[in-house]
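> below is the structure, and that's it, no one-letter string:
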(Lines give C-alpha, C1' and ligand atoms only; values in the text may rest on other atoms or scores of the structure.)
Protein backbone atom coordinates (compact mmCIF):
# COMPACT_ATOMS: atom_id res chain seq x y z
CA UNK A 1 0.00 0.00 0.00
CA UNK A 2 1.08 3.52 -0.63
CA UNK A 3 -0.03 6.58 1.33
CA UNK A 4 0.67 10.23 0.75
CA UNK A 5 2.11 11.95 3.80
CA UNK A 6 2.66 15.56 4.73
CA UNK A 7 6.07 16.31 6.19
CA UNK A 8 6.73 19.56 8.02
CA UNK A 9 10.08 20.75 9.31
CA UNK A 10 9.82 22.55 12.62
CA UNK A 11 12.28 23.80 15.23
CA UNK A 12 11.91 20.42 16.98
CA UNK A 13 12.55 18.17 13.97
CA UNK A 14 10.00 16.82 11.50
CA UNK A 15 6.27 16.34 11.97
CA UNK A 16 4.53 13.95 9.60
CA UNK A 17 0.93 12.86 9.12
CA UNK A 18 -1.30 10.90 6.76
CA UNK A 19 -4.25 13.03 5.61
CA UNK A 20 -6.45 10.05 4.68
CA UNK A 21 -5.96 8.36 8.07
CA UNK A 22 -7.45 10.71 10.62
CA UNK A 23 -5.15 11.11 13.60
CA UNK A 24 -2.31 9.07 12.12
CA UNK A 25 0.79 11.15 12.80
CA UNK A 26 4.35 10.86 14.01
CA UNK A 27 7.61 12.79 14.20
CA UNK A 28 11.36 12.39 14.06
CA UNK A 29 14.59 14.27 14.54
CA UNK A 30 15.42 13.78 10.85
CA UNK A 31 13.29 13.46 7.72
CA UNK A 32 14.26 9.79 7.37
CA UNK A 33 13.43 9.05 11.02
CA UNK A 34 10.03 10.70 10.63
CA UNK A 35 9.31 8.62 7.52
CA UNK A 36 10.29 5.38 9.27
CA UNK A 37 8.18 6.35 12.28
CA UNK A 38 5.11 7.10 10.15
CA UNK A 39 5.43 3.69 8.48
CA UNK A 40 5.12 2.08 11.91
CA UNK A 41 2.24 4.42 12.80
CA UNK A 42 0.37 3.49 9.60
CA UNK A 43 0.77 -0.23 10.27
CA UNK A 44 -0.46 0.18 13.84
CA UNK A 45 -3.36 2.38 12.72
CA UNK A 46 -4.51 -0.14 10.11
CA UNK A 47 -4.16 -3.08 12.50
CA UNK A 48 -6.27 -1.28 15.10
CA UNK A 49 -8.91 -0.35 12.52
CA UNK A 50 -9.06 -3.93 11.25
CA UNK A 51 -9.50 -5.25 14.80
CA UNK A 52 -12.30 -2.73 15.45
CA UNK A 53 -14.09 -3.70 12.25
CA UNK A 54 -13.86 -7.38 13.13
CA UNK A 55 -15.27 -6.72 16.60
CA UNK A 56 -18.10 -4.44 15.51
CA UNK A 57 -19.52 -6.28 12.51
CA UNK A 58 -19.06 -9.82 11.29
CA UNK A 59 -20.73 -9.25 7.91
CA UNK A 60 -18.96 -6.15 6.64
CA UNK A 61 -17.95 -6.25 3.02
CA UNK A 62 -15.24 -3.97 1.68
CA UNK A 63 -15.55 -2.94 -1.95
CA UNK A 64 -13.76 -0.52 -4.23
CA UNK A 65 -15.71 1.90 -6.38
CA UNK A 66 -14.47 3.95 -9.28
CA UNK A 67 -15.65 7.43 -10.13
CA UNK A 68 -14.98 9.55 -13.16
CA UNK A 69 -14.92 13.31 -13.43
CA UNK A 70 -16.12 14.94 -16.61
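Right, received. Where do you want to start? None of these values were measured; they are calculated from a predicted model.
> tally up the residues packed near residue 51, please.
Neighbour count for residue 51, taken as other Cβ atoms under 10 Å: 10. Just so you know, the C-beta spots here come from the backbone N, C-alpha and C atoms, and that holds for glycine as well.
> also residue 22?
9.
> that one belongs to a helix?
No: according to DSSP: H, G, I helix; E, B strand; the rest coil, the state of residue 22 is coil, so it is not within a helix.
> residues contacting it?
By Cβ atoms under 8 Å, 6 or more residues apart in numbering, the contact set of residue 22 is empty.
> relative to residue 49, how far out is it?
Distance of residue 22 to residue 49, given as Cβ to Cβ, to the nearest Å: 10 Å.
> likewise for residue 34?
Taken as Cβ to Cβ, the span from residue 34 to residue 49 is 22 Å.
> ditto for residue 8
From residue 8 to residue 49 the distance is 24 Å (Cβ to Cβ).
> the strands in the chain, which residues?
6-10, 13-17, 25-28 (DSSP state E).
> could I get these as CSV with mean pLDDT?
Output for these, formatted as CSV (pLDDT from 0 to 100):
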stretch, mean pLDDT
strand 6-10, 96
strand 13-17, 97
strand 25-28, 97
